[in-house]
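> A predicted structure for the sequence below; I have some questions about it.
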Amino acid sequence: MHSGGVDVVVAGGGPAGLAVALELGRRGIQVLVLEPRTEVSMDRPRAKTTSVRTMEHLRRWGLADRLRAVAPLPVAWSQDAMFATSVLGVEITRFRGCLGLTPERVDEYAESGQQVPQPLVEQVLREAVGAYPSVTLATGWSLVGVEQTDSRVTVAAVGPDGAPHDVETAYLLACDGATSVTRHAVGAFFEGTTDARPNFSMVFRAPDLAALVPHAPAIHYWVLDPLVPGLVGRMDLADTWWAMAMGVSSEVGSADPVRLIRALIGEGGERIDIEMVSTDPWTARMLNANTYSVGRVFLVGDAAHLNPPWGGHGFNTAIGDAVNLGWKLAAVLRGWGGPDLLASYEVERKPIAQQTIDLASRNMSKLSTNFADPLLSVDGPDGDACRAEVAASIQASKHAEFHSLGLVLGYHYGRSAITIPDGTPEPTAETSTYTSSARPGARLPHCWLPDGRSVYDSLGPELTLLVVAGDVDPSTVIDAATRAAVPLRVVDLVERGCPVVELEDRYRATMLLVRPDQHGAWRTNSAAIELDVADQVIKTATGRAR
């Protein structure tokens, strides 16, 4: 624990706090992370879907392979979500190729999605943070108060012994979750609604269950039982499972959780030995903070927004926040970032959070409860007709929940003050289908280089000037960055053997300026640009245009 001051204090060492500490620590920024939990508990997995985009960030941190190595469910094991009368009952329909789970390499992205319990993600991030000497992870410590001036923030914290300590810092990041003490302390607040329906989540061990499942593997088993509708999935390929009973209150669930699990398993479940690991009652919330910053305090992840879990976007949106704010804050602290960088955080991330909330809410409009019907388990023409009708309804209404690469990869920051528009029309928002675009503000379209590496692997840790056409002179951009003391890597994809025709089709430019988070800041179709234009591009992209 620091007795003096640090550059940044992070309140909360969950995924968002650890991710932003990584972004700062790898750039040498002095960071103190206050985390009340001394250990990461594996009993309550909460998030289980690590998206394609989050996996690309893990790749950038050098952690993608490490996470896959500890993930209990290999991507190749299953990419399906199945709907049935019960885990052991009649299969109604299934979705294939869900959530960006692609065992083979694809052109659209550098990493496939990964099913893995959130605690394992946290453990990998904790170990990675520990490798940076400028980052201190203070477990057993909590933020209890905040005071700030125009130039500093004073954080009041308590440690395991309960004694108060004050820490001086330049910036405070609120990564302390839905009930954020920091958010309340600075006067920010949530706006939105809460769903009235209760839910009851459980983790249990059932050594004999997997051998009895008659269906092909699935990452989710949606149970359409009118009495106990819900959701069941595997935590690992041994004996640990998770389950969710929909519409079940804490009182009812706590009274007999084993009964709920047996009902979700279906006929034959009464013969299976079940060991309860944990229970977790919850309700869905659709909330976005009124502001993402107050002075030198910034809200990140669940402290800034909450959405229903349907589609698996909450944890991944938090990582997106952390990456977006992390590189900008480091740039400001290292002297090459201007005031518009930090101001752009809310402008860029708050609309993305709202899009995610809206999509998850639409996904929530049709759950197991809406498809449950006693006729689904009945033999004969009536049962056949019901099953066909329900299967069609599920396919029509749940597709966007399991195929959402348009949201995961297609979000853009085109309206941000640090993005230089190129006059092309803004992309149409699309949830399911991802159409790559090199328009400034969008995620750089991915490609595999001739040497087998991802184009993302060639990008620099800060700004990158990507040359994607022959006979191009990037010297004025390089000079402008040098004069402004802005770190810039130049990558010539033509020199690296990429076909010019393919580059022109993918990027529709001669040069692109790419941010540390792999989003474009500027592009041009000119072979060279004037020095004053280059100066303005660098100033705008680094938040110093004013």
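Looks like it arrived, so ask away. Keep in mind that what you see is a predicted model, and the values were worked out from it rather than measured.
> who's in contact with stretch 521-539?
338, 418-420, 422, 438-441, 463, 469, 471-473, 475-477, 479-481, 483-484, 486, 507-515, 540-541, 545 (C-beta atoms under 8 Å, 6 or more residues apart in numbering). Where you see a C-beta, it was placed from the backbone N, CA and C, and this is true even at glycine.
> from those, list just the buried residues.
338, 418-420, 422, 438-441, 463, 469, 472, 476-477, 480-481, 486, 507-515, 540-541, 545 (16 or more other C-beta atoms under 10 Å).
> of those residues, which belong to strands?
Counting by DSSP state E, the part of those found in strands is 463, 511-514.
> what segments of the stretch 1-150 of the chain are strands?
Counting by DSSP state E, counting those that start in this stretch, one finds strands in the stretch 1-150 of the chain at the ranges 5-11, 31-35, 49-50, 81-84, 91-95, 114-115, 135-139, 142-148.
> please spell out which residues along the last one are buried.
Read that as strand 142-148. Quick answer for strand 142-148 (16+ other C-beta under 10 Å): 142-144, 146, 148.
> by contact count, what packs against it?
Strand 142-148 is packed against strand 153-158, strand 164-174, helix 181-185, with contacts defined by 3 or more C-beta pairs under 8 Å, 6 or more residues apart in numbering; DSSP states H and E.
> now do 7 Å
strand 153-158, helix 181-185 (3 or more C-beta pairs under 7 Å, 6 or more residues apart in numbering; DSSP states H and E).
> do the fifth one as well
Using 3+ C-beta pairs under 7 Å, 6+ apart as the contact criterion, the secondary-structure elements in contact with strand 91-95 are strand 81-84, helix 381-402.
> for Val500, state which of the ones in strands among the buried ones among the contacts of stretch 521-539 is nearest.
Met511 (13.6 Å; C-beta to C-beta).
> the closest one: what's it in contact with?
465-468, 472, 474, 523-524 (C-beta atoms under 7 Å, 6 or more residues apart in numbering).
> go through the helices and strands packed on strand 91-95 and name the closest to Gly497.
helix 381-402 (37.1 Å).
> by contact count, what packs against whichever helix or strand comes after the closest one?
Following helix 381-402 in sequence order, the next helix or strand is helix 405-410 (DSSP states H and E). Judged by 3+ C-beta pairs under 7 Å, 6+ apart, the packing partners of helix 405-410 are helix 52-60, helix 339-364.
> recalculate using a threshold of 6 Å.
helix 52-60 (3 or more C-beta pairs under 6 Å, 6 or more residues apart in numbering; DSSP states H and E).
> distance from the chain centre to the helix it packs on, please.
The chain centre lies 9 Å from the centre of helix 52-60; the measure is C-alpha atoms, centre = their mean, to the nearest Å.
> tabulate the CA atom coordinates of that helix in PDB.
Output of helix 52-60 as PDB, limited to C-alpha atoms (Å, rounded to 0.1, in the frame of the first residue of the first chain):
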ATOM      1  CA  VAL A  52     -14.200 -11.800 -29.900                       C
ATOM      2  CA  ARG A  53     -13.400  -8.100 -29.200                       C
ATOM      3  CA  THR A  54     -12.200  -8.800 -25.700                       C
ATOM      4  CA  MET A  55     -10.100 -11.700 -26.900                       C
ATOM      5  CA  GLU A  56      -8.500  -9.300 -29.400                       C
ATOM      6  CA  HIS A  57      -7.600  -7.100 -26.500                       C
ATOM      7  CA  LEU A  58      -6.200 -10.100 -24.600                       C
ATOM      8  CA  ARG A  59      -4.100 -10.900 -27.600                       C
ATOM      9  CA  ARG A  60      -2.800  -7.300 -27.600                       C
END
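> what mean pLDDT does it get?
For helix 52-60, mean pLDDT rounds to 98.
> so which residue is dead centre in this protein?
By C-alpha atoms, centre = their mean, the chain has its centre lying nearest to Asn316, at 1.1 Å.
> that residue and Arg443, how far apart?
According to C-beta to C-beta, to the nearest Å, Asn316 and Arg443 sit 14 Å apart.
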